[in-house]
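A.B. asks: Sequence first, predicted model second:
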Amino acid sequence: MSTTTTTFAVDGMTCGHCVHAVTTELSALPGVTDVRVDLVAGGSSPVAVTSDAPLADEAVAEAVTEAGYAVTPRRSLL
């Protein structure tokens, strides 16, 4: 079975508790097999989500919002 990993930027995390909250919510999404957070306190933290199938951006954003944080919108290069 192939997996896919997508990285999202999450704003507002400042500590290990924040990382735990986001990891718990994202891990609860169907198909998610791994969540890795590279904490950047006070900035946008990269969050890599590995799953059995691609996840809808909306599902990830909803889970992050449920944890009390926000996904940073992807910036257009235009």
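C.D. replies: Ah, there it is.
A.B. asks: Run through the chain and note the low-pLDDT ranges.
C.D. replies: For the chain, the stretches flagged by pLDDT under 70 are 1, 74-78.
A.B. asks: Which positions in the helix or strand where residue 20 lies come out as buried?
C.D. replies: Following DSSP states H and E, the helix or strand that holds residue 20 is helix 16-27. Buried residues in helix 16-27, counting neighbours by 16 or more other Cβ atoms under 10 Å, are found at 18-19, 21-23, 25-26. Where you see a C-beta, it was placed from the backbone N, CA and C, and this is true even at glycine.
A.B. asks: Neighbours of residue 59, how many?
C.D. replies: Neighbour count of residue 59, defined by other Cβ atoms under 10 Å: 16.
A.B. asks: which ones are touching the nearest residue to it once chain neighbours are set aside?
C.D. replies: Spatial nearest neighbour of residue 59, chain neighbours left out: residue 29 (5.9 Å); criterion: Cβ to Cβ, 6 or more residues apart in numbering. If you count contacts by Cβ atoms under 8 Å, 6 or more residues apart in numbering, residue 29 has them with 49, 51, 55, 59-60, 63.
A.B. asks: how does it look with 7 Å?
C.D. replies: 55, 59, 63 (Cβ atoms under 7 Å, 6 or more residues apart in numbering).
A.B. asks: and of the residues you listed, the nearest to residue 71?
C.D. replies: For the contacts of residue 29, the closest approach to residue 71 (Cβ to Cβ) belongs to residue 63, at 9.2 Å.
A.B. asks: CA atoms of the strand or helix carrying the closest one as PDB?
C.D. replies: Per DSSP H and E: residue 63 is located in helix 57-66. The C-alpha trace of helix 57-66 is given here as PDB (Å, rounded to 0.1, in the frame of the first residue of the first chain):
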ATOM      1  CA  ASP A  57      -7.100  20.300   2.800                       C
ATOM      2  CA  GLU A  58     -10.500  21.200   4.400                       C
ATOM      3  CA  ALA A  59     -10.300  18.100   6.600                       C
ATOM      4  CA  VAL A  60      -6.800  19.000   7.800                       C
ATOM      5  CA  ALA A  61      -7.800  22.600   8.400                       C
ATOM      6  CA  GLU A  62     -10.900  21.500  10.400                       C
ATOM      7  CA  ALA A  63      -8.800  19.200  12.600                       C
ATOM      8  CA  VAL A  64      -6.200  21.900  13.200                       C
ATOM      9  CA  THR A  65      -9.000  24.400  14.000                       C
ATOM     10  CA  GLU A  66     -10.500  21.900  16.400                       C
END
